[in-house]
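Next one to model:
(2 chains)
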Amino acid sequence: MIILWTDALIYILIAIVTLLFFSLRGKQHFVRPWKKISHNRTAMVALVFLVFFLVIGLLDSIHFRPTNSQNNDIISVLDYWVNPIRLKQEKSYSAPFSANLYSKELIMNSGQAPYWGYPRLEYGGRHLSDVQAQKAGDILAKATLGFLKGIAVIFILFYAYHLLWQRTFFSNKAVNTIFATLFFLVSSSYMLLELTTYYHVMGTDKVGEDVFYQTIKSIRTGLVIGSLTTLIMLPLAIVFGILAGFFRGWVDDIIQYIYTTLNSIPGVLLIAASILMVQVYMANHQEQFTSLVARADMRLLFLCLILGVTSWTGLCRMLRAETLKIREMEYVQAAQALGVPRRVILYRHILPNVIHIVLISVVLDFSSLVLAEAVLSYVNIGVDPTTYSWGNMINGARLEMAREPVVWWSLAASFLFMFTLVLAANLFADSVRDAFDPRRVQS
Amino acid sequence: MNMPLLTVENLQLSFADEPVIKGISFNIYKGETFALVGESGSGKSLAALSVIRLHPAQATLQADSIQFAEIDILRTPEAELCTVRGQRVAMIFQDPMSSLNPVMSIGQQIAETIQLHFSLTKRLCTAKVLQLLEQVGIPDASRRINEYPHQLSGGQRQRVMIAIALAGEPDLLIADEPTTALDVTIQAQILKLLKNIQQENGMALWLISHDLALVSNMADRVAVMQSGRIVEAADNNQIFSHAQHQYTQTLLDALPDINYSAEHEKLPTPAILKLTGFKVYYPIRKGLFKRVVDHVKAVDDVSFTLQVGKTLALVGESGCGKTSLGKGLLNLIPSTAGQVEFAGVDLASLSQEELRAQRSAMQIVFQDPFAAMNPRMLILDIIAEGIRTLQPDIDTQECITTVSALLKQVGLDETALYRYPHEFSGGQKQRICIARALAVKPRLIVCDEPTSALDVSVQKQIIELLKHLQKTENISYLFITHDLAVVAEIADEIAVMYQGKIVEYGTVDQVLRHAKHPYTQKLLSAVPVLMQ
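Numbers count the residues shown, from 1 in each chain, chains lettered A, B, ... in the order given. As a prediction, the model looks like this:
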């Protein structure tokens, strides 16, 4: 097993979340809001989607070197699992479910005169002898088979649930919702899995790589950029924002000076500079970066770092303003009158009352960061070109939008996945915010 | 009497099946003053809004009839109602700060209403604005016409609001708590102004208020509202002398009486707090380097002595520096000069750490119980905060026991422990704030207008609670208030503050009944007294 830098950070993040969960499990005022969230169907659906994405991202974060590999490749568990799609490379573009290439070529058949036509794909729909007549029926049959497998898995899960927990944390209504969502997700994934063995369900790209595989691989990149950047940005924004607002005076002056300076440097410039630095570093220390994956990972990590450093100012400014407001509230003065030390006031009175702003902006930033990655890839300072990411996919598809007939599937696939992830994150964060706001609790 | 101007029959308003107004009926006649009295949450403001169909969109309105002059309000289309509102029925709201648009000059805002209802040329319109401003008693109207709301004082803003309301020459003026946000002296001016205008124009005035004393001075007829119902309606003199309904009587009993005097004078005790030459200045900074160019003298050379177990009331209007004094005393804001001697120790001689330890002996209860508690903390944690600060390693169970005892002491039970502040009413919240202050066993509590955000009946309870605690725990109070009537009920001594200085200082009897300073006399004469 090989642990890349971003992998390590993801593991740490997961560990922190797990620790938090166990330490807060017994606390009354934390359990209550979560119970409330568990009663919210939208939140539960969004959560299931998020967890599903997370699981895929996690599978993609466990890297190892396959034993039978001839070259120096590092692959992840996900790669290993979807090996058939990964290795089935066509020649160039092909439409979803197509059995032929997207462009005409000179076809040479032994015994026949060469002619212009759409050649058959090497893998997609290979098993069909008569494409026209068999394709529709075959797709339906394979889909049904996958669907049935999905149902079987869900049924086992449901049975296991009944056996294990007679009485649970979730109310029955929520459980139903969760299972309905799981049913949808599992059955459609099984359907897709079954079909991908025989077809390219989302077509192939310019170099003939399966688009579905690319989209799945991009999930990790999106999650890493969204979460690691936030992880870097949050402490900076929270600490500086609250300190500036609470202490005012010279502390405020210095912090304001830092963030206005940082803000006045064009972000793209900083990012370009730091990415260049990483590239130079990697060129000088080639022995540390022996594989493509490790190089791409280093670049991804630095992108997260520099995005984090450039994006904390907005949140910091908001938190400063909010803290300025809250520090004048009477409950803060009451705490001062009680002789509560200032650090405790910061931690107990100020922080909990600005956390809703943090939560909202984290989710909004999460989506904008995923999108920022796409923009940065465009000016060639985003993730490494070999890294699978929605940004890179959109970038590649952009060039083909002018083509007639249009190549739409890369764009559509990345859009669909990005949209689902961002929407799920938004909906879930909404209900989390509502549940943790004691003024909105109805009882 | 002639035909009623406004007839309301069986008005009901409900939010999602929860009735707020449960069928009220009343008439308002031309030229009379009708007062609707009730405590907060009784639905009196909603009643006013419903009558001109301005009730919140999510509420459902039902009524047998709402007849205004010849107009059937219930069946008039919305577009036509717009001409009724403003022109025939005008409203003044409680808060003049938020009712005026801060980016428009007052002249523009008045002219806007005039032009909505009359087609006048620009010159005539300006003349009319000037006339209105003069009518509501704003001096130097031709200069003031181009000023913005922030340049006016609170009372002047309310006058502008009245001018806007009068601009449409209404038949009915609805005044929803028109003076609650204002000082007593200004309140008296505004009420007099309303009365004068009513006599000039002959319009009907519908006064909505929680203040029975005020209403008794103003109204011809009074209706008392309790939780969505009118429990009693009668002529002014009748209702205040022979209140029929029990609720009206409770309200009347709860009114603080300025002629109240403590049964016996307390014996002199040693001083707990001694203030000499106390000053709180706020620097005015200007220029690039924020040099201090001048000071706002919020508290200017104040000296007084407070004795153990007694109450000193600090009375004054808004902006007189009484809150700055209270907070400066507790070191919540830095004081500029002066000596604070607490229980024989000069606070200035203490180090930072000693001062923090000393803090628990002096506590504060704030005006607004809604802002005084962290909305994200449980009541248990709020009250226990002080205990845990003093004894960081206190056992959780012991802490809970102490807090429960405190809650019992202020009249709440243990179920409050695990609830959040927003689940309580205003009075209950103020009780919790008092419990929080009591938790650290203080010897002095600064009460900064503790009852002014509360209803009269609740105010009475809180004052009783404070008096009871003083008796049992021997706590001294510095009671900051603008309400002279409350002062009579609780204080032993009174200091009247005016523009940062104490202008009169003495016992309750001396100050309230033998006032020497003209400002004190002016304050006393402005206090509305129940007419019987």
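
Close to chain B: what parts of the stretch 251-400 of chain A are there?
For the stretch 251-400 of chain A, the residues in contact with chain B (CB under 8 Å from any CB of the partner chain) are A:329-331, A:333-341, A:344, A:348-349, A:352-353. For the C-beta atoms, the positions are set from N, CA and C on the backbone; glycine is no exception.

Quick one, which of those are buried?
Neighbour-count burial (16 or more other CB atoms under 10 Å in any protein chain shown) applied to those gives A:329-331, A:333-340, A:348-349, A:352-353.

Just to be sure, residue A:339 is in a helix?
No - counting by DSSP: H, G, I helix; E, B strand; the rest coil, residue A:339 is not part of a helix but coil.

residues contacting the closest residue to it other than its chain neighbours?
The shortest distance from residue A:339 to any non-neighbouring residue, by CB to CB, 6 or more residues apart in numbering or on different chains, is to residue B:359 (3.8 Å). Residues in contact with residue B:359 (CB atoms under 8 Å, 6 or more residues apart in numbering or on different chains) are A:336, A:337, A:338, A:339, B:330, B:331.

Pull out the buried positions in the lowest-mean-pLDDT helix or strand in chain B.
Lowest by mean pLDDT, DSSP states H and E among the helices and strands of chain B is helix B:96-99, with a mean of 75. By 16+ other CB under 10 Å, the buried positions in helix B:96-99 come out as B:96, B:99.

mind saving the C-alpha coords of that helix as PDB?
Provided in PDB are the C-alpha atoms of helix B:96-99 (Å, rounded to 0.1, in the frame of the first residue of the first chain):
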ATOM      1  CA  PRO B  96     -39.500  56.000  14.300                       C
ATOM      2  CA  MET B  97     -36.000  54.700  13.700                       C
ATOM      3  CA  SER B  98     -37.000  52.000  11.300                       C
ATOM      4  CA  SER B  99     -40.100  53.500   9.900                       C
END
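
helix or strand right after that helix?
helix B:106-117 (DSSP states H and E).

Can you give the contact residues for that following helix?
Residues outside helix B:106-117 that contact it (CB under 8 Å, 6+ apart) are B:83, B:86-87, B:100-101, B:104, B:120, B:125-126, B:128-129, B:132-133, B:144-149, B:152, B:160, B:163-164, B:167-169.

same thing with stretch A:223-235?
The contact list for stretch A:223-235 (CB under 8 Å, 6+ apart) reads A:6, A:9-10, A:13, A:53-54, A:57, A:300-301, A:303-305, A:307-309, A:311-312, A:315, A:358, A:362, A:365-367, A:369-370, A:373, A:383, A:389, A:421, A:425.

Same check on stretch A:55-64?
Residues from elsewhere that reach stretch A:55-64 (CB under 8 Å, 6+ apart): A:1-4, A:6-7, A:10-11, A:14, A:74-79, A:81, A:216-217, A:219-220, A:223-224, A:293.

measure that stretch end to end?
17 Å (CA to CA, to the nearest Å).

Name the nearest residue to residue 187, sequence neighbours excluded.
In the absence of a named chain, this looks at chain A. residue A:150 (3.1 Å).

Sorry, I should have been clearer: chain B.
Nearest non-adjacent residue to residue B:187, counting by CB to CB, 6+ apart: residue B:179, 3.9 Å away.

Is that neighbour in a helix, a strand, or coil?
coil.

does it really touch residue B:158, like I thought?
Yes - contact status for residue B:179 versus residue B:158: in contact at 7.3 Å, counting by CB atoms under 8 Å.

quick one: common contacting residues for these two?
By CB under 8 Å, 6+ apart, residue B:179 and residue B:158 have these common neighbours: B:186, B:190.

Return the residues in contact with residue 25.
Picking chain A for this. Residues near residue A:25 by CB under 8 Å, 6+ apart: residue A:31.

try chain B instead
B:8, B:9, B:10, B:11, B:230.

State the number of residues packed around residue B:392.
7 (other CB atoms under 10 Å in any protein chain shown).

And it, what's its pLDDT?
Residue B:392 carries a pLDDT value of 84.

Surely it is within a strand?
No - applying three-state DSSP, one finds residue B:392 to be coil, outside a strand.

Show me the helices in the stretch 51-200 of chain A, by range?
Using DSSP state H, counting those that start in this stretch, the helices of the stretch 51-200 of chain A run over A:77-81, A:83-87, A:131-164, A:172-196.

any idea which element residue 238 lies in?
By default, I'm working from chain A. Element membership for residue A:238 (DSSP H and E) is helix A:211-247.

wrong one, I was asking about chain B
In this assignment (DSSP H and E), residue B:238 forms part of helix B:236-241.

Tell me which other helices or strands that helix touches.
Under the contact definition 3 or more CB pairs under 8 Å, 6 or more residues apart in numbering or on different chains; DSSP states H and E, helix B:236-241 sits against helix B:212-218, strand B:221-226.
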